[in-house]
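Here is my input; please provide its structure:
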Amino acid sequence: MLLFALAAAGCSSDPATALPDVHPAKGVVKRGGKPVTGGFVQFQAENTTGADHLVSGEVGPDGTFVLTTFHALDRKGERKSGVPAGKYRVTYSAVQGDQTAGRPTPPIQLPQQVTVESGENNLTIELPAK
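Have a look, this model is predicted:
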């Protein structure tokens, strides 16, 4: 009976949507050396093996964020705290206010890549000047 329960537990996750090892990643988004006051960051893997992994984090009013990862094909939408190691393109989206009052701010893609390494990652995302 115990053997059956252990075998059933091992089959519960779909290997097609399994995430690789993730590493804690947090940081701050700045412009002109000062923290931004909210928004959203998205990290896109540079390698094709991570293309189905969606990495993102909400930027708080103090500019800080914590990254989480989920698999695009995971129907449960389960997120893991952390990020697979690798190189990423980063896109920052500002908080959108009343969009009827003017043009919305377009997302900003950083020109440089960000590297997430094994272990703790404390990242600083410096946005280009306006």
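
The protein: helices as residue ranges?
Remark: helices assigned in the chain by DSSP state H are 2-10.

Output the below-cut-off pLDDT ranges for it.
Applying pLDDT under 70 to the chain picks out residues 1-17, 48-51, 97-103.

how about the strands in it?
Counting by DSSP state E, the chain has strands at residues 25-31, 34-35, 39-45, 53-59, 64-66, 68-71, 80-81, 86-93, 108-109, 114-116, 121-127.

Not counting its own residues, what contacts the last one?
It stands for strand 121-127. Residues from elsewhere that reach strand 121-127 (CB atoms under 8 Å, 6 or more residues apart in numbering): 23-31, 33, 36, 41, 83, 90, 92, 108, 110, 114, 116. Where C-beta positions appear, they are placed from N, C-alpha and C, glycine not excepted.

who touches Y92 in this structure?
By CB under 8 Å, 6+ apart, Y92 lies in contact with V29, V36, G39, F40, V41, V59, P107, I108, L110, I125, L127.
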